[in-house]
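Enquirer: dropping the sequence and predicted coords here.
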Amino acid sequence: MWQPFANGAPCADAPAASLTAAWHDGASPTRPLSLPMGRRGLVQSGLGGLATFLAGCTGGSGPGTETGSSTREDDVRLIGHRGCADQYPENTILAVEQSAPHVDMIEFDVQRCGSGELVVFHDDELDRLTDATGSVATTDWAELRELTILDSEETIPRLSAFLSAVPSDTAVNIELKHDGMAEEVVAAADECDNEVLFSSFSPDALREIRERDDDAALAFLVSDAPERSLSFADEMDCVAVNPGVDLALDTDFVERAHAEGFEVNTWTVDDSETARRLVDAGVDGLFVDRWDLLTE
C-alpha cells in the first residue's frame, strides 16, 4: 500500500523503505506521496554511485548530506524504463531479473492483444522488436507468445507473468497504453505485493483506473500542454506527474508541479549530464534505460 504523509511528516506506520522525503523549498506536499526512496543501496555500499554522482553536481560531501539543490540524494528514485531497455531486451522477464537489483522501480507497458489478453509490449506495431509484422491489437496471443524480442530468446510476457517476476521490494510503474483495461489491470496489481503506480498518456485510461480504485496511485504522463495536464492530474488526484526531459528542463513545470503537491518523475534520461541537470531542477525520479547511468 502507498503510505501518505501527515502534517508534513511521514506517517508513523509507514515503512522507512517506502517513504520519500518530499519537501521542496521548505514546503510539504498536500497530497499523499510515498514513492520508493532513491538507491540507498548504491549510496551505502561504498561503491560511489549515486552519492558520488550527487556530490559532484551539488557540492555535497556524501550520503545524507543536505545541499543547496532542490533534491537530496536519498530523494531521487531510479526507475528502470522498460526494465532498462538499453541493457536488456525491453519489457521482458530477463529485463526484470537483471534490472531489479539496481533500481527502485520498474516501468513497463501494457496493452491488449488481438485475442484479448493483456501483454507487456511498448510499440503498437511488432516490426521494431520482433521478426513479425502487424499490430499487437490485431495479433492473437497464440502468435505473440512465439515471438522473441530483438536478438534475444526472450518472449513477450503477459501482465500476470511479468508482475510475478518483479521482487516484492521493487515498485512497479504500469503504463497503460490505452483505455479499456482498468478492471483487469487493477485485479492483477491487487494480486502482487509490490507498490504500484499506474501511469498513462491517456486521460481515459487513468480515469477508468480511478473509477475502479479510489486509492490507486496515479501518474499522468505529460509531453505538452502543462497547465491543462496539471489540471487533469489534480482532477484525478494523481500523486505524480511524469514529464519529458525538455519540459522538465526548459520550463518551470517542475516548480509548478511541486507547488501543487505532485511528485515529478522525468523520462527518459539518456546521459549523466542530463541527469545532473534534472537533479538540480529538483525532480523526484529519473526514468533511465541504463541503471549504471549514475555511475558514469
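Expert: Good, I have the coordinates.

Enquirer: quick one, helices of this structure?
Expert: Secondary structure of the chain (DSSP state H): helices located at 40-44, 49-58, 93-99, 141-144, 159-165, 182-190, 203-212, 226-235, 245-250, 253-259, 272-281.

Enquirer: could you work out the end-to-end span of stretch 183-200 for me?
Expert: Start-to-end span of stretch 183-200 (C-alpha to C-alpha, to the nearest Å) is 15 Å.

Enquirer: neighbouring contacts of that stretch?
Expert: 1-2, 18, 34-36, 105, 107, 110, 118, 159-160, 163-164, 166-168, 170-177, 206, 209, 212-213, 216-221, 239-240, 242 (C-beta atoms under 8 Å, 6 or more residues apart in numbering). Heads up, the C-betas are built off the backbone N, CA and C, glycines and all.

Enquirer: export the helices of the chain to TSV and tack on distance to residue 122 and mean neighbour count?
Expert: TSV is the format used below for the helices of the chain (distance: least, C-beta to C-beta, whole Å; neighbours: other C-beta atoms under 10 Å):
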stretch	distance to residue 122	mean neighbour count
helix 40-44	27	18
helix 49-58	27	21
helix 93-99	12	21
helix 141-144	13	16
helix 159-165	13	19
helix 182-190	16	17
helix 203-212	15	19
helix 226-235	21	16
helix 245-250	18	17
helix 253-259	24	20
helix 272-281	21	19
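
Enquirer: in a markdown table: the ones you listed, plus distance to residue 82 and mean pLDDT.
Expert: Below are the helices of the chain laid out as a markdown table (distance: least, C-beta to C-beta, whole Å; pLDDT from 0 to 100):
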| stretch | distance to residue 82 | mean pLDDT |
| --- | --- | --- |
| helix 40-44 | 21 | 29 |
| helix 49-58 | 21 | 41 |
| helix 93-99 | 7 | 98 |
| helix 141-144 | 17 | 98 |
| helix 159-165 | 11 | 98 |
| helix 182-190 | 17 | 98 |
| helix 203-212 | 18 | 98 |
| helix 226-235 | 22 | 97 |
| helix 245-250 | 16 | 97 |
| helix 253-259 | 23 | 97 |
| helix 272-281 | 18 | 95 |
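
Enquirer: since that was my last question, I'll sign off now.
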